[in-house]
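Trainee: here is a sequence together with a model predicted from it:
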Amino acid sequence: MEQENTCCHNFDKKYVLIILGMVLLAAIVIASILRDWITNDMQSQVSVTGQGKVSYQPDEANVSLGIQVDKAPTAENALKQLNEKMTKVVEAIKTVGIPEEDIKTQTYNLSPDYDYNQGTNFVSGYNARQSLTVKVKNIDKNKELTSRVVSAANGAGVNNVNSVNFGVSDLNAIKQQARVKAIEDAKNKAADLFKAAGIKPGKIVGWYENEGGLGGAQPMAENKMLSVDSGRAAGSALPELPSGNQEMVVEIGVNYEVR
């Protein structure tokens with residue numbers, strides 16, 4: 001009886017090994033078929049890249065500006081000076097029509113200032129800095145509004161104007177227009193290329209948007225650096241800040257079947 005059980009056990013092991021071998025062989029065959037199918041399918045496709053450009057006028061600006069207090073005798077005094085000056089700046093910006101919710105703190109910093117004397121570092125004062133980001137809307141309808149914001153801030157005591165960036169409030173709509181133009185451009189190119197190659201195009205089986213380089217759907221933004229001294233020296237004169245026109249560029253690759 002014991003010998004019979006041993007024989008049955010060995011038979012079961014052989015049977016399991018045979019089944020596992022058949023499953024493994026089937027998996028290899030299926031993988032090979034899928035690989036050939038995918039390769040052949042890719043070989044029967046052609047990708048054509050189109051470019052879409054949309055020119056637009058900015059309708060908003062982001063102004064980065066701030067105040068810096070240097071070498072105040074104490075930390076409390078540095079913060080007091082900073083807060084008093086920044087309150088005047090915010091109020092001045094609001095007087096030209098900017099709502100308070102569009103004036104936001106970008107950075108805020110308090111740090112000791114060190115001097116070196118006879119081999120020893122010592123605190124010689126305290127520096128405090130605060131910068132604001134001001135969103136200026138509807139500049140396409142009020143072309144001087146950005147300049148008035150900068151001028152009002154300068155007059156209220158701002159000693160740092162870091163940058164002025166122009167953009168558009170509905171960037172997605174501009175980008176979508178550029179995408180549509182890119183696909184149209186790809187279709188026009190495809191017609192000429194297929195005709196030159198002597199083959200017939202099949203249906204469109206997919207498309208993709210290039211994310212890097214020229215096709216990264218990047219608006220050609222402007223970043224202007226301003227001199228505070230020149231703005232104040234002009235008195236009531238406004239700084240020249242033309243927004244100009246900008247351009248959205250998108251590249252899309254369209255995949256065609258080849259017949």
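Mentor: Now that the structure is in, tell me what you want to look at. Residues are numbered from 1 along each chain as shown.
Trainee: gap between the two ends of stretch 113-121?
Mentor: 10 Å (C-alpha to C-alpha, to the nearest Å).
Trainee: with stretch 154-163 instead?
Mentor: With C-alpha to C-alpha as the measure, the ends of stretch 154-163 fall 14 Å from one another.
Trainee: pLDDT weak spots in the stretch 101-250 of the chain?
Mentor: 211-237 (pLDDT under 70).
Trainee: what are the boundaries of the helices in it?
Mentor: For the stretch 101-250 of the chain, the helices defined by DSSP state H, counting those that start in this stretch occupy 145-155, 171-197, 228-233.
Trainee: out of those, deepest packed?
Mentor: helix 145-155 (a mean of 22; mean count of other C-beta atoms under 10 Å). Placement of C-beta: from N, CA and C, glycine included.
Trainee: if I look at the residue lying closest to Thr95 once chain neighbours are set aside, how far off is Pro112?
Mentor: Leaving aside its chain neighbours, Thr95 sits nearest to Ala152 (6.5 Å; criterion: C-beta to C-beta, 6 or more residues apart in numbering). Ala152 sits 32 Å away from Pro112, going by C-beta to C-beta, to the nearest Å.
Trainee: cool, and Ala156?
Mentor: 27 Å.
Trainee: quick one, which of these two is more surrounded?
Mentor: Ala156 (18 against 13; other C-beta atoms under 10 Å).
Trainee: quick check: that one touching Lys94?
Mentor: No - using C-beta atoms under 8 Å, Ala156 makes no contact with Lys94, being 10.5 Å away.
Trainee: common neighbours of those two, please.
Mentor: Listed as contacting both Ala156 and Lys94 by C-beta atoms under 8 Å, 6 or more residues apart in numbering is no residue at all.
Trainee: test for you: state the pLDDT assigned to Asn83.
Mentor: Looking at Asn83, its pLDDT is 96.
Trainee: where does it fall, phi/psi-wise?
Mentor: Backbone torsions of Asn83, given as degrees, to the nearest 10, read phi -60, psi -40.
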